[in-house]
Every structure is written in structure tokens, then in C-alpha cells.
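Trainee: quick one, structure for this:
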Amino acid sequence: MSGTETTHPDTLEYRQHPQTSAGQPKELPAIPGGWTEREWTIEGRTFRLTLPAEPDAFLEDPEVHEAFDRDQYMPYWAYMWPSALKMVAAILKYQWPADADVLEIGAGIGIVGLAGLACGLNVTISDYEPKAVDLAMHNARRNGFTKGQGLVLDWRSPPSRQFPILWGCELLYEDRNHEPLLEMTRQMLTPGGVAWFVDGGRMRAERFCQLVPQYDLDIQLFDELRQPLAAPRVGQYQLFEIRHRQTVDRR
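Mentor: You can find the predicted model right below:
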């Protein structure tokens, strides 16, 4: 990867990359702290992204305060997380079925979905925050991708659609999200499909893993080299591969 390599835990967002002002993109709304541009090269593929210049500025935004009072909303979408860049590398190295349909959950800035588009997949990029969906689609277009679709998605009310591949990055930081995420996965993942959820090693990941069997799902854990992990770890990237539980016909 280009840029500054982190030596701190993968749960901490990137803050120290040189920033270039992007001005005010015509396709995007004005936001607290304004926009910036950054570039990452991963597995030989360069992604040029527009993203919030000062994500913490959202914490002083009256609209965010109102949303938190209404629904405990936090603007997590505005940050770039180290685990997202490692997930991009994993996606780019994997052999996916040609033209497969993918749903990215909690897309934020959208770089994970862009990795799928770079692989030639049909990616639907979703987030609870409409600004995040607009930003992800803006970034898809500026990187030359035209196949992607955007979707505003509340995990608590999933649409009646299914996908053979689900992706999500940094989704486990709040316990209250675990059950809705797993129920949505149960409903929206096709039989025989696979979900990749990546985490930076959060303390709550163990709880999530313990809940998985309750939704008739199976889980395997892997590190960044795709080596199996025996249990969740803290402060380091980990990939949770989730599938529908396979039942054996004993007749």
C-alpha cells in the first residue's frame, strides 16, 4: 500500500495522511470540515477518493446531535479505517465468480465496493447514511466505474432481495448492531453464498461470533494472509467468513 503504514491498532482510523483540498464537489453536499482528496495504491490498483477532510467536525454538527438523540446515530461513515484497506487487498487477490452480484454493507467512503468493481463484479454499495451512498457513488464514477449501484439500507428493515456475496467492514463496534446485522445476513445471503465481514480487532467481536450460530449461520476466522484463526483477536485485522449452516440429510 502507498501512504503511511500504521503501527497502531487496526481499530484506529487514519488521520495523518497528507491532505489536498478538493474544494466543493458539485455532486456532493457541503459538510462540516469540508472535503479532501487522498490516493491509495493497493495490489497494484490505484484508488483516488474524495472523503471528509475533518471527520471529527461532524461531532459538533447539530444535525448529527439530533440524529443521535433520535436513533443513537454516529457518523462512522466519514472515517477511513486501516482494516478497510486490508480488506481491499483481500478482495483484489481473491478469485471471485465472474460478474457476481455483491452487496456492500455500511460502505462509508466506499473503497471496499470500488475494489469489487475493479474485479468486474456487480456491486450494490449501501449505507444507512444517504451522504455516504452519494459519496461512494461519486468515488466510483471518478475512478471510472459505471456498473455500481447505490442503496440506502437500514439493517433493521432489510429489503426482500438476496445476494450471493455480502461484504462489510468495521461493523461490530456496537453490540446493538450485532443482532440486526446477523438477521439481515440470514435473510439477504443466498443459499450457498458467502459473507465477508472484516474487523480491526474490536473487543466486541467475540460477542458477535458467539451469536452467529443462533441465526443458523456458520463462521470461520482468517488473518490478513488468509490463515485460519482459532478465536477473535484484539487490535488486529480479522476476516469473518459467514455462510448458511449446512444441514445433513440423514435419511
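Trainee: which stretches of the chain have low pLDDT?
Mentor: Applying pLDDT under 70 to the chain flags residues 1-8, 12-22, 64, 72, 247-251.
Trainee: helices of that one, start to end?
Mentor: Counting by DSSP state H, the chain has helices at residues 62-71, 82-93, 111-118, 130-142, 178-188, 205-211.
Trainee: let me know which of those is tucked in deepest.
Mentor: Among the helices of the chain, helix 111-118 has the highest mean neighbour count (mean count of other CB atoms under 10 Å), at a mean of 26. Backbone N, C-alpha and C define where each C-beta goes, glycine included.
Trainee: can you give me the angle it makes with helix 82-93?
Mentor: Angle of helix 111-118 versus helix 82-93, following axes from the mean of the first three to the mean of the last three CA atoms, to 10 degrees, is 10 degrees.
Trainee: returning to what we had before: which of the helices of the chain sits closest to Leu49?
Mentor: helix 130-142 (5.1 Å; CB to CB).
Trainee: which elements pack onto that closest one?
Mentor: strand 45-52, helix 111-118, strand 122-127, strand 149-152 (3 or more CB pairs under 8 Å, 6 or more residues apart in numbering; DSSP states H and E).
Trainee: any chance of those in CSV, plus distance to Thr11?
Mentor: Shown next, in CSV, are those (distance: least, CB to CB, whole Å):
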stretch, distance to Thr11
strand 45-52, 19
helix 111-118, 17
strand 122-127, 20
strand 149-152, 26
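Trainee: nearest to Asp199, out of these?
Mentor: Using CB to CB, the helices and strands packed on helix 130-142 put helix 111-118 closest to Asp199, at 12.9 Å.
Trainee: only alpha carbons, please: show the closest one as PDB.
Mentor: Extracted in PDB, the C-alpha atoms of helix 111-118 (Å, rounded to 0.1, in the frame of the first residue of the first chain):
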ATOM      1  CA  ILE A 111     -13.300   1.900  -1.100                       C
ATOM      2  CA  VAL A 112     -14.300  -1.700  -0.500                       C
ATOM      3  CA  GLY A 113     -17.100  -1.500  -3.000                       C
ATOM      4  CA  LEU A 114     -14.700   0.000  -5.500                       C
ATOM      5  CA  ALA A 115     -12.400  -3.000  -5.100                       C
ATOM      6  CA  GLY A 116     -15.300  -5.200  -6.200                       C
ATOM      7  CA  LEU A 117     -15.900  -3.000  -9.200                       C
ATOM      8  CA  ALA A 118     -12.300  -3.300 -10.100                       C
END
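Trainee: give me phi/psi at Met80?
Mentor: phi -100, psi 130 (degrees, to the nearest 10).
Trainee: for Leu59, find the nearest of the helices and strands packed on helix 130-142.
Mentor: strand 45-52 (11.6 Å).
Trainee: quick check, Tyr76 in contact with Ala107.
Mentor: No: if you go by CB atoms under 8 Å, Tyr76 and Ala107 don't touch, sitting 11.2 Å apart.
Trainee: higher neighbour count, those two?
Mentor: The residue with more neighbours, out of Tyr76 and Ala107, is Ala107; 32 against 20, by other CB atoms under 10 Å.
Trainee: show me what contacts the more buried one?
Mentor: Contact partners of Ala107, counting by CB atoms under 8 Å, 6 or more residues apart in numbering, are Trp77, Gly113, Ile125, Ser126, Asp127, Ala132, Val133, Ala136.
Trainee: same check, this time on Gly148
Mentor: So, once contact is read as CB under 8 Å, 6+ apart, Gly148 ends up touching Gly113, Leu114, Leu117, Val123, Thr124, Ile125, Ala136, Met137, Ala140.
Trainee: if we go to 7 Å?
Mentor: Gly113, Leu117, Val123, Ile125, Met137, Ala140 (CB atoms under 7 Å, 6 or more residues apart in numbering).
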